[in-house]
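the following comprises the amino acid sequence and a computationally predicted model.
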Amino acid sequence: MTVRIGVIGTGAIGRDHARRINQVLAGGKIVALSDVNPASAEAVKADIAPDATVYATGEELIAAADVDAVLVTSWGATHEQYVLAAIAAGKPCFCEKPLATTATGAKRIVDAEVAFGRRLVQVGFMRRYDAGYVALKQAIETHTGAPVMVHAAHRNPAVTEAYTTPMAIHDTLIHEIDVFRWLLEDDYVSARVTFPRTCARSHAKLRDPQIVTLTTAKGVVINTEIFVNCHYGYDIQCEVVGEDGVASLPEPMAVQMRLGAKLQNSILTDWKDRFVASYDVELQDFLKAAAEGTASGPTSWDGYMAAVTADACVAAQDDEGATVAISYPSRPALYA
Ligand code: NAP
């Protein structure tokens, strides 16, 4: 079966996901496009999906009879309305992170999906599909014993002046927040943030770097450094310390060179390159489940838990050094 897909939001990632579905993956075809800027949707139609219909609104696209499933890749603040509309229409929906910009918004989606009674939503937490994280999870489960601590870093070469302190949580740490829950099969109970001195490359509205400490229900302590003006590259580090040993996230493949009396490995500089393969795997997973009228992978519940945790981390930023408790309702059976 070919799943007929509509894409809402044809900016950077919407265009790239449309390309994946029409040119790389099996089992899907882009039949509908919509963007608040129609010229953007028309450009994707011209370049990638000549047979697609361009709709004036996301709601019209969702309602179209020939759209089987929806990709929501518009601005974060618009995700909730489209995901709720897709659930109301009973159509599988892949939503880029964030599922919603508030925990209350994400909870509304959870409640709607639970009321519908079947999974329809996959959240775009693509790190769960990254070969390195999958191998790390396997190493933790089979070799290094029960996890005790995690040391992690999310470093980015530079950001613009539009990037502010809370964005380090909502836009950057959000991926770690999700992937560590999945990696450790554990939930968070508290968050704390400490700020080293702000680096010279930062600006007035951004305290950079920062260290976020999350503690889980099983007592694992996770320290993550977020440093978005690190200058040297885009670098994701993760080391899990277990009872019997230590497992580290593999480095991206790079040709090692001996040159000019130096042993060298390149470091990536663009985030788009770091998890490029995992986007293919996550969307293939979406197409497979959508063909059966459902969704797999990261759930609405995962999106909600990430939003609750992110809110706690931002509260911890505002109260530097204080431990902020994280609480959430019990998990609905749909997400067991
Ligand atoms: P982008 O390039 O700005 O694209 C967003 C597009 O959505 C733009 O074309 C924008 O139109 C359009 N749009 C805004 N409001 C809309 C609405 N109400 N209805 C329909 N379209 C609307 O941003 P992006 O980088 O692609 O990011 C999109 C989403 O994906 C964000 O939530 C982001 O966090 C997420 N993302 C996730 C990853 C990941 O690693 N998983 C990576 C990148 C992005 P105009 O710009 O013309 O106004």
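Thanks, I have it.

switch to C-alpha atoms for all contacts and neighbour counts from now on
Noted.

show me the domain layout of the protein.
Per the record, the chain has its domains at 3-126+277-298, 128-273+306-335, by automatic domain parsing.

wait, does stretch 289-297 contact the ligand?
No - Stretch 289-297 lies out of reach of the ligand by C-alpha under 6 Å from any ligand atom, never closer than 13.4 Å.

pull that stretch out as PDB, backbone CA atoms only.
The C-alpha trace of stretch 289-297 is given here as PDB (Å, rounded to 0.1, in the frame of the first residue of the first chain):
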ATOM      1  CA  ALA A 289       2.600   2.100  10.900                       C
ATOM      2  CA  ALA A 290       0.500   4.600   9.000                       C
ATOM      3  CA  ALA A 291      -0.200   1.900   6.300                       C
ATOM      4  CA  GLU A 292      -2.000   0.100   9.200                       C
ATOM      5  CA  GLY A 293      -3.800   3.200  10.300                       C
ATOM      6  CA  THR A 294      -1.800   3.700  13.400                       C
ATOM      7  CA  ALA A 295       1.600   5.100  14.700                       C
ATOM      8  CA  SER A 296       4.700   3.700  16.400                       C
ATOM      9  CA  GLY A 297       7.900   5.200  17.800                       C
END
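
any idea of the mean pLDDT in it?
In this model, stretch 289-297 has an average pLDDT of 98.

do stretch 225-239 as well
98.

now it, how far from the centre of its chain.
For stretch 225-239, the separation from the chain centroid amounts to 17 Å (computed by C-alpha atoms, centre = their mean, to the nearest Å).

end-to-end on that stretch?
The first and final residues of stretch 225-239 sit 12 Å from each other (C-alpha to C-alpha, to the nearest Å).

what do you get for stretch 122-139?
End to end - C-alpha to C-alpha - stretch 122-139 spans 26 Å.

just say which of the domains of the chain is most tucked in.
domain 3-126+277-298 (a mean of 21; mean count of other C-alpha atoms under 10 Å).

looking at the chain, which helix is longest?
Counting residues, the longest helix found in the chain (DSSP state H) is helix 300-318.

in the stretch 51-200 of the chain, which residue sits nearest the ligand?
Here the stretch 51-200 of the chain gets closest to the ligand at one residue, Ser74, 3.3 Å apart by C-alpha to the nearest ligand atom.

am I right that that residue is in a strand?
No - going by DSSP: H, G, I helix; E, B strand; the rest coil, the assignment for Ser74 is coil, not a strand.

the residue nearest to Thr53 when sequence neighbours are not counted pairs with what?
Sequence neighbours aside, Ala32 is the residue nearest to Thr53 in space, at 4.7 Å (criterion: C-alpha to C-alpha, 6 or more residues apart in numbering). Assessed by DSSP bridges, Ala32 has beta-bridge partners Gly6, Thr53.

for the stretch 101-250 of the chain, which segments count as strands?
Along the stretch 101-250 of the chain, counting by DSSP state E, counting those that start in this stretch, strands occupy 121-123, 147-155, 188-194, 210-216, 221-227, 235-242, 246-248.

hmm, the first one in reach of the ligand?
No - using C-alpha under 6 Å from any ligand atom, strand 121-123 stays clear of the ligand, with a minimum separation of 8.7 Å.

I'd say Ser40 and Ile8 touch.
No - counting by C-alpha atoms under 8 Å, Ser40 sits too far from Ile8 to count as a contact (10.9 Å).

what touches both of the two?
Common neighbours of Ser40 and Ile8, using C-alpha atoms under 8 Å, 6 or more residues apart in numbering, do not exist here.

contact residues of the chain facing the ligand?
Within the chain, the positions near the ligand by C-alpha under 6 Å from any ligand atom are 8-14, 34-37, 58, 73-76, 78, 96-98, 124-126.

give the contact list for the nearest residue in space to Trp301 that is not next to it in sequence.
Sequence neighbours aside, Val110 is the residue nearest to Trp301 in space, at 6.1 Å (criterion: C-alpha to C-alpha, 6+ apart). For Val110, the contact set (C-alpha under 8 Å, 6+ apart) comprises 300-301, 304.
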